Every structure is written in structure tokens, then in C-alpha cells.
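Chemist: I need the structure of the sequence given here:
(chains A and B)
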Protein chains: 2
Amino acid sequence: MPFHYPVMEDWLREALAKGMFNATNQSRESIESSEIVVITVGTPTGFQCQLDYSQLHLAMHEVAQADIKNKALIIRSTAVPGTLMNIVLPHLVTKTGLKPGVNFALAACPERILEGRAHVELYELPEIIGAIDSLSSAIARELFLKIDSRKVILETSPTGAELAKLFTNIYRYVNFALANEFAIWAERYGEDAHEIIRVANEGYPRSNIPRPGFAGGPCLGKYGFLLDNNTTFSSIISVAWKLNEAVPQHVVTSLMNSLGSLYGKRIAVLGLAFKANSDDVRLSPSAKLVETLKAYGAEVLIHDPYVEGTSSLEDVLKNPELVILATNHSNFKDLAATIDRSGCKIIYDVSGIYKPENFTRVEYRRFGRGR
Amino acid sequence: MPFHYPVMEDWLREALAKGMFNATNQSRESIESSEIVVITVGTPTGFQCQLDYSQLHLAMHEVAQADIKNKALIIRSTAVPGTLMNIVLPHLVTKTGLKPGVNFALAACPERILEGRAHVELYELPEIIGAIDSLSSAIARELFLKIDSRKVILETSPTGAELAKLFTNIYRYVNFALANEFAIWAERYGEDAHEIIRVANEGYPRSNIPRPGFAGGPCLGKYGFLLDNNTTFSSIISVAWKLNEAVPQHVVTSLMNSLGSLYGKRIAVLGLAFKANSDDVRLSPSAKLVETLKAYGAEVLIHDPYVEGTSSLEDVLKNPELVILATNHSNFKDLAATIDRSGCKIIYDVSGIYKPENFTRVEYRRFGRGR
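Modeler: Take a look at the predicted model:
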């Protein structure tokens, strides 16, 4: 497995043993020996947050070189609205000379699974099918119902499917940013956002505010741009992005308000991955925190049980001045007593996984708590 | 009743008949003959979105002039965080010379009921109690449990209670703005946001995107400022406010893109209240739409069955060039055929209560639908 995912590791091993899964870079043979081609390439954004479609163009190039007559193509990647109709379809028609709908089927069926939950959600989540015609739609439907016959199938236009994926994703991202905005206000008023959000949500039918904390990673942190690059004004997304991306620096500034300059200070950072129980560090706010601390001259020691090349827990907890809980890995939850004995002055808890009463020797601070 | 609320009208009549409800402007007598004083004054914002606490100051003045020894004061108004601790408490201590907690009880218990649902939600919603001490908290708890003994009571600090109310409210308002941002993007891509939001939400456990449409009124439209006035930067709230407040002008601009100048054009607007089945026009986006249309020189005819002084349905549907469904009153849902026969060119449906197939003669347009 390319990333930490124990269940999938077992499944992959089993599938390989049974000869049910083949990986190849011989695209042409692979495409021509298949009935359905699912394109799952990445659609990252570049250093200027611009669209990087190099993987998609390469995939389309390989597809168009094969004989795709009577085959179905399913685009599973998250894409700018209009990608299927304005890029993929013209490319295939121009390069193959085939008639869409007549000679090949084509549909946008964007992935909406939570990283780390694929083994459950592939069976449970509804599938959005944005096909170019009803035959393409029927083929995509048949494919997904083979995975689980109870799956809900939602049909819309190709551009509608691309938008629906972005709406789903951005809705979560903006609400994480709003929780972080609430956290910063709570800090200003000397209150604890975790506590207030709990009170605001409990039993109230119209309130489902998320917990504050780092929000980023390869999906949430970038998909907003696929819509937002299209507007020249401040949108909610752009403000949400600014806010979420500012949280690592906000943590650093808060610590400097207590400790003064961080120059030369020994700081242990627990967690480098962008989410709990993952080794995925792409666009991780924890990694951004580490870079920011280094920029301010701190000596940063990183421990992440899932990320190779990081230090051991023992090494990073050797007399740090400061410990920062940056990623809420489940097995970090039991570390409060160990941190309390580490000799550090402050434990800063970004995700709010500890409680003030867990610490007797060390000062406990958490993001969103102003006292 | 000061506003349209049939159930409450019955309840009020019954309470008055039984002598269970007394309204008076003799504050002192009223306060001194009570054990608990609940302050429910308005906390509006002014023309510069600044805090207007004149009603609260007047109420505190009246309270402090009475003998409040051994009485409990409950602040039910929505307030800037810190209002109880930094304004109400010092005022009462200074003006009465009494000891808080010892001589009087005090708690912030902000109202979170949906306008028009008070008769149900007063019994069902959890109550947030932010009291100055445990005795004040116990008294507030006893009061609310008298209304319904199964009510969930959530205790926090006074400032925490004030923040929790604002978080609850702003969470909804920002999500309405996000839906409106989605609507505008869907329009740009020639898609229908109503349809895409349905697809994004259906069966997906992490998606609960609201429907696009007007968002405003005396609560949602202003409470953001109670937090946002405290920041000098763009926050999610300020962008959400800008976006929601721009929707009426967006509707006008969309119509001008189809019809050209609206100068001298006869336009029927259905609904003036800020929400369905209400006569409340305070900060109503429909009223803002009317003012904007007038500013552009249109001849605007308004029908709202609940708002006095508006025209009859028959009068406004006499040969309008354009009909705008501005407020989604339930009894407007059956009007599609009538509008279709009115001779207008376009029906613009702000809330998406009609379907394209409802209209054969008239062009159907709705907010969030780009085709």
C-alpha cells in the first residue's frame, strides 16, 4: 500500500494472491483488455493554486491511443466543473474519431470517500453519475451496483456531478473554517470554544458546528480552488481557506505571546500527518506548523508513529521546552501523563484531545481556549 | 399579537381571559411583585451596523430603580459576549449597592427559538444557562424545568452562554450564504444549484447543505455583527453577510440581463416578509429587493397576504411584465397556474418553490439555475 491503511493492506494482499488485481504501466493493453476504464488520476493545484491537469492529460493521451470502441470511460477524479464536457470529451472525439454515446460511453462519477474509510464507504455511499447519455449512465449504474446492489445512484449532468463533488467537499471545509473562526473569537473572550460549541450543538436541531483544529490535506485544502479560481472577488471559500491556512501561524504567535522568542527553543511536535491515524503529509497543517516553527528559529523534533523518518517518542520528549500535539492520532490520547513528566513548560493541544485536569506539572493550552 | 402567529393568538386570548398574563409599563411595581424578572429587550444594530443597546440600558435603569433584593434576573436577549459581566452586572452593583449572588441572582439564558415555532420549541429546545453563581444557576434551572421537566439544561459561563447563542445563529447564517455562493457558481456553469445540492446531500453522511434563497431578517441578518464588529479583518461572517445581502441585487441584475432596463416596467413582487408565513418585514431581503427595483425605475406592485398595506393578488397580477416570487409563503405554492396565465414574460422564483414544468406560457427562471 502506498500509505498507512492496515485493512486495505490485507485486502490488497488477498487480491494479489488470488490474481484479482493487476497493476501495469502498459496502458494500451490494459485498456484494450477491459470493458470499463476508470480514471482516478490526481488533479492537484500548483504553487500559485492554479489547476494542474498534467496527470489528466497524460491519462487521456493514453486512453485515446488505445482502441476504446465499445468501452465505457468513468472519470473518478475531482475536477473543475465542465472538465468532462469541455476537455475530456473533445479530446477523445478529436483523437479517436469515435462518436460519443454511439462508440464509447463516458461518465463523471466523482469519488466522495473519506480517506481511511474506503473499505466501508465504497459500499455505503451514494454514487453520483453524470453521464453523457442514458446508455453511459446505465453502464456506470451497473458497475456500482455490482459493488453493492443497495447503493443509492443519483443521476445528474456531467458538470452537475463535478459541482456536486465540490459542493460536498467545500461544505465541510467551510464549516471547519467557521469552527476555527469561533475558536479565535472564544480565545479573545477568554472562553473555551470546545466547551461553547458543545453547548451550542447539544440537543439543538439546527446546530452541527464541527470542532476547531487543523483543516487541510490533499482534498479539503485544495478543492475549493477548483471553484474559487473562477471568481476575482473574495468568496466564502477564499476566506475559509485563508482562515484554515492561518491556524498554524496562529498557534506559533500564541506560543510566542507566552514564551517570547522561539529562537533556539527545543520544541517537540507530535504528529505530522494531515489527519488522525494516517501517514499522509500532503498539504498537512502540521507540516506547515513545523516549517513555521523552524522559520522562527526553533529546534523542532518531530514524532509521528506513521510517518517514516520522524524521531521516536522517547527522543522528542527528552527535555523539550514545549510540546505541541499537532495531529490527533488515536494512540496520542494516552500520552498526557508522559508529556506531564517530560519537563516541558507548556503542552499546546491543537485538536483539544486532552483536558486541563490531565496535567499537573505542565501548563495546558489548547487552540480555541483563551484562559 | 404584534405579528402574525395564529396559535399564539389563541394562547394569548386564553391567558388573558384567565388573568394569567399581565402587560404593564409600571416596571417598578411589576418587578417588585415578581420573584423572577426576565429581560427580553431587542438588541438591534444601527445604520452603521453598530451596537444599539438603548433598550437594554433602559431596561437596566428600570430594574435598578426597583427593589431587586432576593430576586432573580434572567437576560434572554441576544448580546455581545461579555454583556452580562461587563455591562449588566456593574450597572446593577453600582446602582443598587446590592451584592450579586448574595442579594440577587443573575443569569444569561439566551433565546434560540425559531420565529413562528415558539409554541413548540419553548418546550423542546435545550436551555443554555450562563449564571454568575450556582444559586443563580439553580433558580434559572428551576424556572425552565417548570416549563417542561424534560428540558435539557446546559450550564456554562455568562460569556460562554452569550457566545453559544451567537455561534448557533451564525452557523446557520453562514451555511445559508454558502448555499447562495453555490447558487451563483451553478448559474455560471449553466447548472441548477437546487438539483446539485439535492444530489450532494442525498444519503451522504457529511453533507447537509441548505437550499439557496434569501437569508436575512431581524435575527440572522444582524447577529453576526455582535461578533464581527470585534474584528478589523474580513471574517467568514463578514463575507457571508456581504453575500446574503447581495442576493436581492443579484436577482435584479439577472433580470436586467434578460429584459434590459427595468425602467417603467410593471413588476409584481409576491411576498414582502423575511420568512414564510410571517408578516415580519424587519431587515427582509424581499423588502430590499423591492427598494432596489424601485431604484432602477421599475413600477413595483407588492402582494403579501400577511403584510398590511400591500395590494391584492388580483391587482398585482394584472398584466405585469415580470413576476418575482420573493417570500416562500406556503399558500404561494399553488399559484403557478395563475401566474402562468397572468400575461407576464418571466416568473423569477427566488426560493425555488416552483418547477420549470409548472409553466407553459411564461419563462421560468430561478435563483441558482443558470439555464
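
Chemist: Report the residue ranges of every domain in chain A.
Modeler: Split into domains by automatic domain parsing, chain A comes to A:6-157, A:168-366.

Chemist: looking at those, which is buried most?
Modeler: domain A:168-366 (a mean of 20; mean count of other CB atoms under 10 Å in any protein chain shown). Where C-beta positions appear, they are placed from N, C-alpha and C, glycine not excepted.

Chemist: right, and the domains of chain A - which one's nearest B:S286?
Modeler: domain A:168-366 (21.9 Å; CB to CB).

Chemist: Please state the offset of the closest one from the chain centre?
Modeler: Distance of domain A:168-366 from the chain centroid (CA atoms, centre = their mean, to the nearest Å) equals 15 Å.

Chemist: just to revisit the earlier point, please dump the domains of chain A into JSON lines; it should also carry mean pLDDT for every row.
Modeler: Shown next, in JSON lines, are these (pLDDT from 0 to 100):
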{"stretch": "domain A:6-157", "mean pLDDT": "95"}
{"stretch": "domain A:168-366", "mean pLDDT": "94"}
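
Chemist: For the ones you listed, please prepare TSV with the additional fields distance to B:I170.
Modeler: Formatted as TSV, the domains of chain A follow (distance: least, CB to CB, whole Å):
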stretch	distance to B:I170
domain A:6-157	26
domain A:168-366	8
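
Chemist: Kindly state which of these is positioned closest to B:I347.
Modeler: domain A:6-157 (23.3 Å).

Chemist: Endpoints of that closest one, how far apart?
Modeler: Domain A:6-157 has an end-to-end distance of 36 Å (criterion: CA to CA, to the nearest Å).

Chemist: picking that back up, could you dump the domains of chain A into a markdown table with distance to chain B added?
Modeler: Output for the domains of chain A, formatted as a markdown table (distance: least, CB to the nearest CB, whole Å):
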| stretch | distance to chain B |
| --- | --- |
| domain A:6-157 | 4 |
| domain A:168-366 | 4 |
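
Chemist: which ones are touching A:A298?
Modeler: Applying CB atoms under 8 Å, 6 or more residues apart in numbering or on different chains, one finds that A:A298 lies in contact with A:262-267.

Chemist: Show me where chain A has its strands.
Modeler: A:36-39, A:71-75, A:104-108, A:127-131, A:153-156, A:266-270, A:299-303, A:322-325, A:346-349, A:363-366 (DSSP state E).

Chemist: Look up phi and psi at the residue sitting furthest away from the middle of chain A.
Modeler: Largest separation from the mean C-alpha position in chain A: A:G97, at 37.7 Å (CA atoms, centre = their mean). A:G97 has phi and psi values of phi 70, psi 10 when expressed as degrees, to the nearest 10.

Chemist: before we move on, back to that, now render the strands of chain A as TSV, adding distance to B:N229.
Modeler: TSV is the format used below for those (distance: least, CB to CB, whole Å):
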stretch	distance to B:N229
strand A:36-39	49
strand A:71-75	46
strand A:104-108	44
strand A:127-131	41
strand A:153-156	41
strand A:266-270	36
strand A:299-303	38
strand A:322-325	32
strand A:346-349	29
strand A:363-366	26
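
Chemist: Would you mind saying which of these lies nearest B:A183?
Modeler: Between the strands of chain A, strand A:153-156 lies closest to B:A183; by CB to CB that is 15.7 Å.

Chemist: Relative to the closest one, what are the paired strands and their orientations?
Modeler: strand A:127-131 (parallel) (DSSP bridges).

Chemist: by how many degrees do the partner strand and strand A:104-108 diverge?
Modeler: Counting by axes from the mean of the first three to the mean of the last three CA atoms, to 10 degrees, strand A:127-131 lies at 130 degrees to strand A:104-108.

Chemist: what's the angle from strand A:127-131 to strand A:71-75?
Modeler: Calculated by the same axes, to 10 degrees, strand A:127-131 forms an angle of 120 degrees with strand A:71-75.

Chemist: can you give me the helices in chain A?
Modeler: Ranges of helices in chain A, per DSSP state H, are A:6-17, A:27-32, A:54-65, A:83, A:89-96, A:118-124, A:134-147, A:158-188, A:193-201, A:220-228, A:236-259, A:285-295, A:313-316, A:336-340.

Chemist: Show residues contacting stretch A:314-322.
Modeler: A:255, A:259, A:265-270, A:301-303, A:323, A:338-339, A:342-348.

Chemist: Out of the domains of chain A, which is closest to B:R365?
Modeler: Using CB to CB, the domains of chain A put domain A:6-157 closest to B:R365, at 18.3 Å.

Chemist: Quick one: distance of that closest one to the chain centre.
Modeler: So, by CA atoms, centre = their mean, the centroid of domain A:6-157 is 20 Å from its chain's centroid.

Chemist: what does stretch A:154-167 give?
Modeler: 19 Å.

Chemist: Repeat that for stretch A:5-18.
Modeler: Going by CA atoms, centre = their mean, the spacing between the C-alpha centre of stretch A:5-18 and its chain's C-alpha centre is 23 Å.

Chemist: ok, now how distant is A:A177 from B:V239?
Modeler: 11 Å (CB to CB, to the nearest Å).

Chemist: got any residues that touch both of these two?
Modeler: In contact with both A:A177 and B:V239: A:V239, using CB under 8 Å, 6+ apart.

Chemist: Give me the contact list for stretch A:245-253.
Modeler: Residues outside stretch A:245-253 that contact it (CB under 8 Å, 6+ apart) are A:180, A:184, A:213-216, A:221, A:262, A:285-286, A:288-289, A:292-293, A:296, A:324, A:348, A:350, A:367.

Chemist: Could you rerun that using 6 Å?
Modeler: A:180, A:214, A:285, A:288-289, A:292 (CB atoms under 6 Å, 6 or more residues apart in numbering or on different chains).

Chemist: I'd like those laid out as a markdown table, including distance to A:S33.
Modeler: Formatted as a markdown table, the contacts of stretch A:245-253 follow (distance: CB to CB, whole Å):
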| residue | distance to A:S33 |
| --- | --- |
| A:N180 | 49 |
| A:F214 | 44 |
| A:P285 | 43 |
| A:K288 | 44 |
| A:L289 | 47 |
| A:T292 | 50 |
